[in-house]
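>>> Quick one: sequence and predicted model below, then my questions.
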Amino acid sequence: MKIIIMCDNNLGTVGGEQESSKIILGNLKEKFQMYLIQPGPSIMMDKVEEFNIVKETRMKHLVKKPLEFLKYILKVRKIIKNVSPEIIHTQAQVSFFVISLLKKLNLIDKRIKIIHTERGLYLKYNLFFKNLFKIMFKNLDLLVTTTEFNMAYWRRFTGDKLGYEIIENTAGPLFENYEQQLENNKNNEKIVLGFAGRYCEWKNWPLAIEIINVLRTKTNKKLEIIMAVGCLDDKSYKDTLIMFDKVRKIPNVKFDGKININLEEMNKLFYNINTFVLTSNRNTESFGRTLVEAMSRKNIVLTTDSGGSVEVVENPENVATNAQEFADKILYYFEEKNVFDSELNQNLEIVKRKYSLKNNIDKHESLYKHI
């Protein structure tokens, strides 16, 4: 069976779509003929045929150039005609709109099954994009989301007229096994607080700084902060450096700031912290992969009411709305040693049960075989 995975962002860049796509390709290339259409340079994945047809690494940059974007669509059509896949699985919005349009205009074989994984939260889209989705969904065979929270909104929106599947994200093979010897890196006598994510408005990094400030006023415990920030352009890079300077100026706080680090370094980060906080704005996260990564390394995980992230952490007591609440919850865990230890072990078990690599790959394989 021939399957095309189609992405909006080059798989060599940082992001959930990119990591998920690499996991699908890397783990199913022995069972299916896998092809990849992506913007930007090749990632040189063995046994995966790649089509890199534009220099831009992100489709959002290409759509601003109408003529180049039209050429891209025609090149995609030619690739599909030559490959003759049974399935095209789009991983982000622009890719889905392109394939849906080609199918609507009878420019690709109607027999090709179209699967779309919607990683965007329904609540984040404005009316224009919701209506665009409604039109394009008419050419879709199956919609995938990563949480029940997000799926519930999309099912209501589409009137239950599509095929549906929930496939939970996984942190990937690097996070599958817990290395007991690396637990020695943790010092649970002090608060080692981690934050990670892209630098953008809805990730709400100012809340992270506020949490640190409030914690510093509420406790005399040693406080260590580690931030890992993904920057996609020069502006976000400069803004991140300014943010790092603000954290360094907070008294009696040991700080380590990292930019655009790879997964191996992220893995070490999660072994070195004991508490992780996701600060995203309300109803902006469809999942929250960093939560799973942190849970897989036996950390306390806290989140805002940011959407699918609440489903991931499972414990409603680990959801907060402001810096005071976050600080109080963090200090509670460090005052209640038994609760602290129980939460760490429970988080690891949740990952093994629900967010394992095997769970993710088995569901994708079954999806491709039975659509």
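Done, it's in.

>>> and the residue lying closest to residue 300 once chain neighbours are set aside, how many neighbours does it have?
Excluding the flanking residues, the one nearest residue 300 by CB to CB, 6 or more residues apart in numbering is residue 275, at 4.5 Å. All C-beta atoms are positioned from the backbone trio N, CA, C, and that covers glycine. Other residues near residue 275 come to 20 when the count uses other CB atoms under 10 Å.

>>> List phi and psi for residue 275.
Dihedral pair for residue 275: phi -140, psi 140, per degrees, to the nearest 10.

>>> Tell me the spacing between it and residue 297.
Separation of residue 275 from residue 297 (CB to CB, to the nearest Å): 11 Å.

>>> How about residue 211?
Counting by CB to CB - residue 211 and residue 297 are separated by 20 Å.

>>> what about those two, which has more around it?
Per other CB under 10 Å, whichever of residue 211 and residue 297 has more neighbours is residue 297, with 29 against 24.

>>> Ignoring the adjacent residues along the chain, who's closest to that one?
With CB to CB, 6+ apart, the residue lying closest to residue 297 is residue 270, at 3.8 Å.

>>> got the contact list for the one you found?
Residues near residue 270 by CB atoms under 8 Å, 6 or more residues apart in numbering: 175, 194, 276, 293-294, 296-297, 299.

>>> Just the pLDDT at it, thanks.
If you check residue 270, the pLDDT there is 96.

>>> does it sit in a helix or strand, and which one?
Assigned by DSSP states H and E, residue 270 belongs to helix 263-272.

>>> likewise residue 220?
Secondary structure assignment for residue 220, by DSSP H and E: no helix or strand.

>>> any idea how far it is from residue 190?
11 Å.

>>> higher neighbour count, those two?
The neighbour comparison of residue 220 against residue 190 (other CB under 10 Å) goes to residue 190, with 14 against 7.

>>> where does the stretch 201-350 of the chain have low pLDDT?
Nowhere does the stretch 201-350 of the chain drop to pLDDT under 70.

>>> ranges for the strands of it?
223-230, 254-259, 275-278, 300-303 (DSSP state E, counting those that start in this stretch).

>>> among those, which is the most enclosed?
Stretch with highest mean neighbour count among the strands of the stretch 201-350 of the chain: strand 300-303 (a mean of 26; mean count of other CB atoms under 10 Å).

>>> who's in contact with residue 196?
For residue 196, the contact set (CB under 8 Å, 6+ apart) comprises 227-229, 266, 269, 276, 290.

>>> could you pull out the strands for the stretch 1-150 of the chain?
Using DSSP E, counting those that start in this stretch, strands in the stretch 1-150 of the chain cover 2-6, 33-38, 48-52, 87-90, 113-117, 142-145.

>>> Counting by contacts, list what the third one packs against.
When you say that, I think you mean strand 48-52. Where contact means 3 or more CB pairs under 8 Å, 6 or more residues apart in numbering; DSSP states H and E, strand 48-52 is packed against strand 33-38.

>>> wait, doesn't residue 275 sit right on residue 190?
No. The criterion here is CB atoms under 8 Å, and residue 275 misses it with residue 190 at 10.5 Å.
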